[in-house]
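Visitor: kindly return the folded structure for what I paste below:
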Amino acid sequence: MSAAAPIAALGRATLGMLAAVGRIALFAGAVVSHIFRPPFYPRELLTALIQIGWLSLPVVGLTAIFTGGALALQIYAGGARFSAEAVVPSIVAIGMTRELGPVLGGLMVAARVASSIAAEIGTMKVTEQIDALVTLSTNPLKYLAVPRVLAATLAVPILVAVGDSIGIAGGWLVGVNRLDFNSATYIKNTTDFLEVWDVGSGLVKGAAFGFIVALMGCYHGMNSGRGAQGVGRATKSAVVAASVLILAANYLLTEVFFTS
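Guide: Sure, this is the predicted structure:
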């Protein structure tokens, strides 16, 4: 093996990654451009809203309430070292609305929705249902991807708002019942220190994360390989890509929102 072989392998990997980024960017551009152009499929949009939003509510709610409770315990334990236990309500509220609510909600939706979308569309490709749509003069991108991406972009911020509320309530339950906080004082400290932009930034993140989740599910589903193994790889790739992109987008949005 020549000395240049590792460099060549690195170069091939880099070019492959850049090509994949380019394909995803073109796919995203095509999806966004079709959102505002007819024909529209309101029934598909409504179905996607139910599947992505309503049916994801239990897992997001359970994740949020346990996260809020655990966050209250951790902040209390850390604050006790500096006699700063009183910051628990405000830090729980800020932490849930700015970071944990959107990120954990997005990751849970990615695990549930990106895999489902990729598996569904990948199976449609394997069974030639997408080819049938083309035969019927129906644009598969318009019929399959656009309603799901739009529904996720609209539904995930609502899930984040609900998750924030449940997470803060979980912190309140733990604070009042386990840490001996006065209920009225806990609620007052929460509302006094929580600002509108704390909540708003989390909702903007939720919209971005929903777009990423559905986009990755649709992209990998429509580019699935043939057979059961191809669908399995597409499903796995959709979840991994969506999760990584959510974490990367979270850092970038936090940098934009909270760094002067």
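Visitor: distance of Asp198 from Gly175?
Guide: Asp198 sits at a distance of 18 Å from Gly175 (criterion: CB to CB, to the nearest Å). The C-beta positions use only the backbone N, C-alpha and C, and glycine is treated the same way.
Visitor: in terms of neighbours, single out the busier of those two.
Guide: The neighbour count for Asp198 versus Gly175, taken as other CB atoms under 10 Å, is higher for Gly175 (28 against 19).
Visitor: enumerate every residue touching the more buried one.
Guide: By CB atoms under 8 Å, 6 or more residues apart in numbering, the contact set of Gly175 is Ala72, Tyr76, Val88, Pro89, Val92, Phe181, Tyr186.
Visitor: nearest residue to the fifth one other than its sequence neighbours?
Guide: Ranked by CB to CB, 6 or more residues apart in numbering and with sequence neighbours excluded, the top spatial neighbour of Val92 is Gly171, at 3.7 Å.
Visitor: correct me if wrong: that neighbour contacts Ile94.
Guide: No: counting by CB atoms under 8 Å, no contact exists between Gly171 and Ile94, whose distance comes to 11.0 Å.
Visitor: more crowded one of those two?
Guide: Between Gly171 and Ile94, counting by other CB under 10 Å, Gly171 is the more crowded of the two (31 against 19).
Visitor: list the residues that contact the more buried one.
Guide: Residues near Gly171 by CB under 8 Å, 6+ apart: Gly68, Gly69, Leu71, Ala72, Val88, Pro89, Val92, Ala93, Met96.
Visitor: show me what contacts the residue nearest the centre of the chain?
Guide: The chain has Gly106 as the residue nearest its centroid, 2.5 Å off, counting by CA atoms, centre = their mean. Neighbouring residues of Gly106 by CB under 8 Å, 6+ apart: Val156, Val160, Lys205, Gly206, Phe209, Gly210, Ile212, Val213, Ile246, Asn250.
Visitor: could you work out the most separated pair of the contacts of Gly175?
Guide: Tyr76 and Tyr186 (11.6 Å; CB to CB).
Visitor: mind listing the shared neighbours of the two?
Guide: Residues touching both Tyr76 and Tyr186 (CB under 8 Å, 6+ apart): Val88, Gly175.
Visitor: for stretch 197-211, what is the average pLDDT?
Guide: For stretch 197-211, mean pLDDT is 94.
Visitor: stretch 26-34 too?
Guide: Averaged across stretch 26-34, the pLDDT comes to 91.
Visitor: torsion angles phi and psi at Val134?
Guide: For Val134, the backbone dihedrals are phi -60, psi -40 (criterion: degrees, to the nearest 10).
Visitor: contact partners for the nearest residue to it once chain neighbours are set aside?
Guide: Ranked by CB to CB, 6+ apart and with sequence neighbours excluded, the top spatial neighbour of Val134 is Pro140, at 6.6 Å. The contact partners of Pro140, taken as CB under 8 Å, 6+ apart, are Ile130, Leu133, Val134, Met222.
Visitor: could you rerun that using 10 Å?
Guide: Counting by CB atoms under 10 Å, 6 or more residues apart in numbering, Pro140 touches Ile121, Met124, Lys125, Gln129, Ile130, Asp131, Ala132, Leu133, Val134, Cys218, Met222.
Visitor: likewise Leu245?
Guide: When contacts are counted by CB under 10 Å, 6+ apart, Leu245 is found next to Ile24, Gly106, Ala110, Ala208, Phe209, Phe211, Ile212, Val213, Leu215, Met216.
Visitor: could you give me the average pLDDT of the helix or strand harbouring Leu159?
Guide: Element membership for Leu159, per DSSP states H and E: helix 146-177. The average pLDDT within helix 146-177 is 94.
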